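K.L.:
Just a sequence and a predicted model for now, questions to come.
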Amino acid sequence: MMEFAMSASIREKFSSQAAPEVLAALRQLAEAQGRQFQAVLDEALRDYIDRHQKERPRRHVMTSFASSLDEFDTLYRELAK
């Protein structure tokens, strides 16, 4: 999993395109928060990466979950009623 340093000292320029309403919303958020657009964009990108990396549970977690389902299936079905 990637770890990000929160340092703003090193930046890399890139070029991309986005829907005008997305850019406008980011600009409005930045202005309302008194922050630079670049800082809000960077935070949004970091949040996106974190969210997608964390969606994949670790293998041992899924193994334990499957074991729990096998062991407590009857209880879970009763609780779901």
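P.N.:
All right, it came through fine. Numbering: from 1, shown residues only.
K.L.:
count of neighbours near Asp73?
P.N.:
Using other CB atoms under 10 Å, the number of residues around Asp73 comes to 10. Every C-beta, even on glycine, is put in place using the N, C-alpha and C of the backbone.
K.L.:
Please apply the same query to the one 3 residues further on.
P.N.:
With neighbours defined by other CB under 10 Å, the count for Tyr76 comes to 11.
K.L.:
now swap in Leu23 and tell me
P.N.:
As a burial measure, Leu23 scores 13 neighbours (other CB under 10 Å).
K.L.:
quick one: secondary structure of it?
P.N.:
Three-state call for Leu23 (DSSP: H, G, I helix; E, B strand; the rest coil): helix.
K.L.:
Flag the shaky bits of this protein, pLDDT-wise.
P.N.:
Where the chain drops to pLDDT under 70, the residues are 1-8, 55, 58.
K.L.:
elements contacting the biggest helix by length in it?
P.N.:
Criterion DSSP state H: the longest helix present in the chain is helix 59-79. For helix 59-79, not one helix or strand is in contact under the criterion 3 or more CB pairs under 8 Å, 6 or more residues apart in numbering; DSSP states H and E.
K.L.:
Just the element for the most centrally placed residue in the chain, please.
P.N.:
Note on the chain: the residue nearest the mean C-alpha position is Arg51, at 2.0 Å, using CA atoms, centre = their mean. Element membership of Arg51, judged by DSSP states H and E, is helix 37-54.
K.L.:
Can I get that helix in PDB? Just the C-alpha atoms.
P.N.:
Coordinates of the C-alpha atoms in helix 37-54 are reproduced here as PDB (Å, rounded to 0.1, in the frame of the first residue of the first chain):
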ATOM      1  CA  PHE A  37      -7.000  24.900  -5.500                       C
ATOM      2  CA  GLN A  38      -3.900  22.700  -5.800                       C
ATOM      3  CA  ALA A  39      -4.100  21.700  -2.100                       C
ATOM      4  CA  VAL A  40      -7.800  20.700  -2.500                       C
ATOM      5  CA  LEU A  41      -7.100  18.700  -5.700                       C
ATOM      6  CA  ASP A  42      -4.100  17.000  -4.000                       C
ATOM      7  CA  GLU A  43      -6.300  16.000  -1.100                       C
ATOM      8  CA  ALA A  44      -9.100  14.700  -3.400                       C
ATOM      9  CA  LEU A  45      -6.600  12.600  -5.300                       C
ATOM     10  CA  ARG A  46      -5.100  11.200  -2.000                       C
ATOM     11  CA  ASP A  47      -8.600  10.400  -0.700                       C
ATOM     12  CA  TYR A  48      -9.400   8.600  -4.000                       C
ATOM     13  CA  ILE A  49      -6.300   6.500  -3.800                       C
ATOM     14  CA  ASP A  50      -6.800   5.600  -0.100                       C
ATOM     15  CA  ARG A  51     -10.400   4.700  -0.600                       C
ATOM     16  CA  HIS A  52      -9.600   2.300  -3.500                       C
ATOM     17  CA  GLN A  53      -6.600   0.700  -1.800                       C
ATOM     18  CA  LYS A  54      -8.600   0.100   1.300                       C
END
